[in-house]
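Undergrad: Sequence first, then the predicted structure, then my questions.
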Amino acid sequence: MTAGVTIRTVHDVASLAAVAGYFSDVWQTPRTAPPYPAEVLHSLVHAGGAVHAAYDGQRLAGASVAVLGADRGTYSLVAAADRGLGHAVKLAQRDWALGLGARTMRWTFDPLVGRNARFNLAKLGATGTEYLVDFYGPMTDGVNDGDESDRLTVTWDLGAPPAPYDIAPRGPVTATAPDGDPLTRRDERHIWCRVPEDIVKLRAADPALALRWRHAVREVLLTAFVEGFRATGMSRDGWYTLTLPHSRLRSSGGTPMEQAA
């Protein structure tokens with residue numbers, strides 16, 4: 001935990017209003033139209049969910065919202081934090097979920113945002129388990145406006161230590177990205193897929209090019225998930241690692257070496 005930072009669940013109207021305002025600032029919406037209004041947050045808390053708030057001294061520096069799910073699972077609706085505090089906020093969510101007897105937590109994020117993919121897959125050790133096309137429909141906030149709202153679902157095993165499976169791209173290039181460089185590489189068990197360096201800046205500067213990236217990555221990830229691959233890592237230079245589980249290798253015959261093992 002960063003010195004001077006505290007994280008706690010909040011329940012009162014004033015604190016929930018502050019969280020709603022914080023989310024407005026992060027997603028660049030008017031304070032009068034927050035992505036998660038205070039009254040909605042209050043209802044979620046009343047229904048058994050949790051709103052966590054991170055304070056750097058007296059300043060609100062991060063927040064998250066989670067609810068109970070089915071089959072001893074929880075679902076994180078939203079999380080945001082100032083630089084350096086995101087991990088602590090997610091650990092607070094994990095502690096809350098474990099206290100309820102939950103085993104997993106799921107959430108979604110924009111698969112083109114490489115830094116978030118690296119945080120979720122490499123830092124936390126969650127696994128990408130589902131690709132969702134235009135999940136929210138058109139969005140009008142200052143971050144997502146003008147793009148299609150594809151999302152990647154990740155599942156976090158709350159009781160397991162982080163064990164991301166991240167391997168440098170290898171194998172032949174199988175597709176070219178909108179910038180003319182390799183988009184994907186593949187070997188017997190892995191697919192690697194590259195995302196742009198900063199999709200948020202690209203979306204603001206060249207929306208048409210950003211949308212071409214959206215469609216290119218969508219085609220790769222959708223196909224990979226249908227084949228049984230899972231997102232298991234993200235490199236610092238923007239390459240997803242998609243891995244085929246051993247069970248799928250065995251069911252499909254695998255390579256001679258894998259069959260011998």
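TA: Here it is on my side, so go on.
Undergrad: can you map out the strands along this protein?
TA: 5-9, 50-56, 59-68, 73-81, 104-109, 127-132, 151-157, 173-176, 182-186, 190-194, 230-234, 239-243 (DSSP state E).
Undergrad: Okay, now the sheet partners of the last one, with direction.
TA: The one in question is strand 239-243. Applying DSSP bridges, strand 239-243 is found paired with strand 190-194 (antiparallel), strand 230-234 (antiparallel).
Undergrad: Of all the ones you listed, which one is nearest residue 155?
TA: Of all these, it is strand 230-234 that lies closest to residue 155, at 9.1 Å by CB to CB. The C-beta positions use only the backbone N, C-alpha and C, and glycine is treated the same way.
Undergrad: CA-only coordinates of that closest one, as PDB, when you get a sec.
TA: Provided in PDB are the C-alpha atoms of strand 230-234 (Å, rounded to 0.1, in the frame of the first residue of the first chain):
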ATOM      1  CA  ARG A 230      -7.600 -18.000 -23.900                       C
ATOM      2  CA  ALA A 231      -5.800 -14.600 -23.400                       C
ATOM      3  CA  THR A 232      -3.000 -15.400 -20.900                       C
ATOM      4  CA  GLY A 233      -0.500 -12.500 -21.300                       C
ATOM      5  CA  MET A 234       0.300  -9.100 -22.600                       C
END
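Undergrad: Off-centre distance for it?
TA: Taking the mean of its C-alpha atoms, strand 230-234 sits 11 Å from the chain's own mean (CA atoms, centre = their mean, to the nearest Å).
Undergrad: what does it contact?
TA: 114, 117-118, 120-122, 127-129, 152, 154, 164-167, 221, 240-245 (CB atoms under 8 Å, 6 or more residues apart in numbering).
Undergrad: what's the burial count for the closest residue to residue 8 other than its chain neighbours?
TA: Take residue 8 and drop its neighbours on the chain: the residue closest to it by CB to CB, 6 or more residues apart in numbering is residue 53, 6.5 Å away. Counted with other CB atoms under 10 Å, the neighbours of residue 53 add up to 21.
Undergrad: give me the beta-bridge partners of residue 53?
TA: Judged by DSSP bridges, the bridge partners of residue 53 are residue 8, residue 63.
Undergrad: any idea how far the nearest residue to residue 141 once chain neighbours are set aside is from residue 128?
TA: Residue nearest to residue 141 in three dimensions, not counting chain neighbours: residue 27, with 4.3 Å by CB to CB, 6+ apart. Residue 27 sits at a distance of 22 Å from residue 128 (criterion: CB to CB, to the nearest Å).
Undergrad: mind checking which helix or strand of this structure has the lowest mean pLDDT?
TA: When the helices and strands of the chain are compared on mean pLDDT, DSSP states H and E, helix 256-260 comes out lowest with a mean of 30.
Undergrad: Flag the shaky bits of the stretch 1-150 of the chain, pLDDT-wise.
TA: 1-2 (pLDDT under 70).
Undergrad: Buried only: go through the contacts of strand 230-234 for me.
TA: 114, 117-118, 120-122, 127-128, 152, 154, 164-166, 221, 240-244 (16 or more other CB atoms under 10 Å).
Undergrad: End to end on stretch 176-190, go ahead and measure it.
TA: Terminal residues of stretch 176-190 lie 17 Å apart, using CA to CA, to the nearest Å.
Undergrad: Can you give me the buried ones in it?
TA: So stretch 176-190, judged by 16+ other CB under 10 Å, has buried residues 177-178, 182-186, 189-190.
Undergrad: Can you give the contact residues for it?
TA: Contacts of stretch 176-190 (CB under 8 Å, 6+ apart): 167, 169-175, 191-194, 196, 209, 212-213, 216-217, 220, 241-244, 249, 254-255, 258.
Undergrad: When you filter those residues down to buried only, what's left?
TA: So, by 16+ other CB under 10 Å, the buried ones in the contacts of stretch 176-190 are 169, 175, 191-194, 196, 213, 216-217, 220, 241-244, 249, 254.
Undergrad: Noted, bye for now.
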